[in-house]
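Enquirer: sharing a sequence plus its predicted fold:
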Amino acid sequence: MFSYIVAQRLVPLIRGERDFRFDHPWVRLERVLKYWLGQWKQPRYRAAGTLHIFIFAGFLVLAIRAFSVLIVGVSQDFVMPSLSGRAGHIYDIITDYAATVVFLCMVVAIVRRLVFKPARYAVPARYGKSHTPDAIFLLALIAILMLADSLFAAVKASALPSQGQPFEVLAAFSLPWMLRNVLVSTPLATLGSLYFSAYLVHELTFYFLLCYRPFGIQFHVETSLFNIYFAKLDREILKPVRWAVSDEHLDQVKSFGVKRFEDFTWKHMLDFYSCADCGRCSDNCPANAVGRPLSPRFITIKARDYSFQHYPVFGRVKNGTPLVGSVYSQDEIWSCTTCGACEEECPLLVEYIDKIVDLRRGMVDEGNVPQSLQKPLKALESRGNPYGKMEKKRADWANTKEFQQTCHVKTLVDHNGTKTLYFVDSITSYDDRMQAIGRSTAKILNHIGENFGILGAAERDSGHEVRRFGEEMLFVALRDHNVDAIKASGAQRIVTADPHAYNALKHDYKDVPPVEHISQVIAREVEAGKIKFNPIENEMDVYTYHDPCYLGRHNQIYDDPRDVLDAIPGLKRVEMKRSRDRSFCCGGGGLMLFYEPKEDQRMGVKRVQMAADAGANVIVTACPFCMVNIEDAIKVAGMEGKMSAIDLTELVDRQIASKYVDKVKEPAAEIKECVTASSNSLK
Amino acid sequence: MEILVCVRRVPDTSENEIELNSAGNDIERNELVYSINEPDNYAVEEALQIVAKLGGSVTVVTVGGEDDEEVLRREMAMGANRGVLITDEVFNGSDGRGIATILKAFVQKGHYDLILTGVQAEDGGAQIGGMLAALLDYPFASLVNSIEVLEGRKLKISREIEGGNKEWNEIDLPCVLSIQTGINEPRYVGMRGIRQVASVPIPTFSAAKLEIAASTVGEAATKVKRLDYFVPALGKGAEILRGSREENVNKVLELVAAKGGLK
């Protein structure tokens, strides 16, 4: 029966899209050991996580016994190989405790669900009924199973002496031990019927649970092992439109992205089955937190419901309607900032970003793109930036008179021996406020004596958000243009101050020189003593560092920016509650700035509040998009004058001890070189 | 329903910095990027939605040169069944009436139930729709912001009246309508869509093929000539409110109310 149900559950997986998850078996096994056996992510939620670890461990122990109990029904004298004699006794004692622990955990879990009701388990009305009855039903079933199991052992132990067999030792204070103490004077006949009923209840519950699990959240007991084994290894790399179809052959792909359920890959469907409904994803999702119509938990739950409905265990497969417009709303899918908080949290390594991007690819392919995004996309196509500004003005940020007196930025054309390319990207090139980040970055590079230049008019938007908003072909065009320009520049390495550009160059582009974020460069130079800081002037200021999603969670650069801050004498730094891999997205970058979400509050406002709660009055970030969102949020929250934001580059530029500037080599020669270079570029 | 949409390629106002050329008789066109005239895009979307409901086909047509194929392909990527380019040297320099004459000749070569134009070209004067209707002796409605197809070859259309009111009209087919933006939400056309129609052949029509007398079109036939092109002097700047948030909110409300924006 169970096999039949599981086989039926596999039907959509077979119909799903391809997904290449069979490489690196050893790495995958290692991850199984860490995330499955080691329950790595569980302690991130202290109470629930600990509870789960106990239950999981108990289940593992009992799984062996379950099989032996099952066989005892057939042959009473059967013992598991290697579990006879002394080892068997020890194992029995362990299982006694395991059953007890699981039983207690069930009681605690039921109490939690009924009395404490953690907010993340709540089901908002628009997503249907509460899941609590179902959860309690399952927990109770397991509790009954444990009770029956223990009773079975207790009866057996009580009956043995009266049958003249040696007394069996039961683990002290375990559930079977307690039950045996109750049963000690029970007549043998009653014991016999108890023995039989305990066995019956145990088996009935066991089989009922087994067959019931594939209908709900308990299915993760079976699927989690596989889900973690097949989990994505390189999370920062976005899923291709179709596995095993190269960019050159994309034109031949009939349909892009996920439109129908069957367009999901088999692994993504397995994700749907594996979700344990723990709610941690949505608990961390910034979109959910500000009331956008998106909750990652229900992306999964709704897809699973769809799958169960359209691929029923009994009955025929039903054809469904397109997902967006029925199961999901357009706004729901556009609401995601791809910050990755949900994926970071999921104990079962369920993937969300790839699914969201695939759903967007499907929407883009159908022409379902909000009007607010169509303009910037069109501008990216014709001008290479979302603002529709002229290409030739891309380097204007470096041409202000005042700035040129202190720092000259070369435009790289053809191989002219310049080692380092500063990839500026659109927002820093064109946005009046963010241009300051560009100038600070250039000044820092200048200060450390870096021979660097920019692509100027030849640069296009990195396409990072273009890709994440599902416009793959436009991304490919932007990327190809940039790759050619970068190669032509002859640069051997790339530096950028924009984490989105950093992520694109590092993971979405191929065959480009190694890329670093400016915070890595600064941290290294500070370490090497090339950058020295003046002490902070206003000693009353308390700084906090906001981790940009694409620097932190997506690229694990958490320490470099903090090290730089801590190297500034007199700088007081506090951590926000949500920092590092639990950082709270500022509101999203790139095209997200153009999207008009339905929300109760801005993410940035929430973030600014968090900084205030931490006792900070200066938010340091290392991303131009964070700067847009946080500065806006400070105004929206009415905290002007009480809170300010500064980019890491601006802070470093401000604090760099000026005497070191003098040490930089004579700029005259460079300016000359630079002038010829830019006049070349105009030709 | 067979629908013809007349479209035009214009400099994209949101992606260009429009400047006068040195002669002062036109704008500097060297670094301009072009796109479909925005109201025309709404007209095509409306045509596609009607055809999706009732069947038929959508043809997009433009008068111009090879470069203008770009907008035809974009609209074909959107879903238009056919793109047609009307091109001939003798058409160069035509005024509004000239273009309408050319389009009339094309319309008469086919069988269209409904002809749509955008409400106006971003660089034009909202002339073509009305003139084309007059030349064809078809009924015409301008500034249309909703279309409902009725029984018996009739349409129910609405247009916005100054002040936000709506007017409903019934109009007989065949007819010409000029479409207001906001009538729908045009679908997105991605790179992929454009690439897919990149090699679809676009038929061209010349003056000879359309049997248009050269004397009725082109520069020689113009009766409207552009005299000058100038940038008006900047007027008085905006009023900036410099009070507290509450004061500013109250002031804004007061100003809006004073202009009749609040009732």
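Expert: Looks like it arrived, so ask away. Numbering: from 1, shown residues only, chains lettered A, B, ... in the order given.
Enquirer: C-alpha only now, for contacts and for neighbours.
Expert: Will do.
Enquirer: contact partners for the residue in the stretch 151-263 of chain B positioned nearest to chain A?
Expert: Residue nearest to chain A within the stretch 151-263 of chain B: residue B:188 (4.1 Å; Cα to the nearest Cα). The neighbourhood of residue B:188, defined by Cα atoms under 8 Å, 6 or more residues apart in numbering or on different chains, consists of A:364, A:366-369, A:374, B:78.
Enquirer: of those, which is the nearest to residue A:134?
Expert: Within those, distances to residue A:134 taken as Cα to Cα reach their minimum at residue A:368, with 36.7 Å.
Enquirer: report the secondary structure state of the closest one.
Expert: State at residue A:368, reduced to three classes by DSSP: H, G, I helix; E, B strand; the rest coil: coil.
Enquirer: ok, now which ones touch it?
Expert: With contact set as Cα under 8 Å, 6+ apart, residue A:368 has these partners: B:187-188.
Enquirer: any idea how many residues pack against the nearest residue to residue B:91 once chain neighbours are set aside?
Expert: What sits nearest to residue B:91 in space, not counting adjacent residues and going by Cα to Cα, 6 or more residues apart in numbering or on different chains, is residue B:218, at 4.3 Å. Using other Cα atoms under 10 Å in any protein chain shown as the criterion, residue B:218 is surrounded by 20 other residues.
Enquirer: please report how far residue B:218 lies from residue A:439.
Expert: In this structure, residue B:218 and residue A:439 are 53 Å apart, going by Cα to Cα, to the nearest Å.
Enquirer: same question, residue A:10
Expert: Using Cα to Cα, one gets 56 Å for the distance from residue A:10 to residue A:439.
Enquirer: quick one: which of these two has more around it?
Expert: residue A:439 (25 against 16).
Enquirer: kindly confirm my reading that the more buried one is in a strand.
Expert: No: according to three-state DSSP, residue A:439 belongs to no strand; its state is helix.
Enquirer: so which bits of the stretch 51-200 of chain B are right by chain A?
Expert: Remark: the part of the stretch 51-200 of chain B in contact with chain A comprises B:78, B:185-193, B:195-196, using Cα under 8 Å from any Cα of the partner chain.
Enquirer: and if we set it to 10 Å?
Expert: By Cα under 10 Å from any Cα of the partner chain, the residues of the stretch 51-200 of chain B that approach chain A are B:77-78, B:185-193, B:195-196.
Enquirer: check chain B for its longest helix and report it.
Expert: With DSSP state H applied, the helix covering the greatest number of residues in chain B is identified as helix B:38-54.
Enquirer: mind checking what helix or strand follows that one in sequence?
Expert: Using DSSP states H and E, the helix or strand that directly follows helix B:38-54 along the chain is strand B:57-63.
Enquirer: could I get the contacting residues of whatever residue of the stretch 201-350 of chain A ends up closest to chain B?
Expert: Each residue of the stretch 201-350 of chain A has a distance to chain B, by Cα to the nearest Cα, and the smallest belongs to residue A:251, at 7.2 Å. Under the criterion of Cα atoms under 10 Å, 6 or more residues apart in numbering or on different chains, the contact list for residue A:251 reads A:245, A:473, B:192-193, B:195-196.
Enquirer: which ones among the residues you listed map onto strands?
Expert: Using DSSP state E, no member of those falls in strands.
Enquirer: which one of those residues has the most neighbours?
Expert: When neighbours are counted by other Cα under 10 Å, residue B:193 leads the contacts of residue A:251 with 23 neighbours.
Enquirer: that one against residue B:73, yeah?
Expert: Yes: shown here, residue B:193 and residue B:73 form a contact pair, counting by Cα atoms under 10 Å, at 9.1 Å.
Enquirer: kind regards, and thank you for your time.
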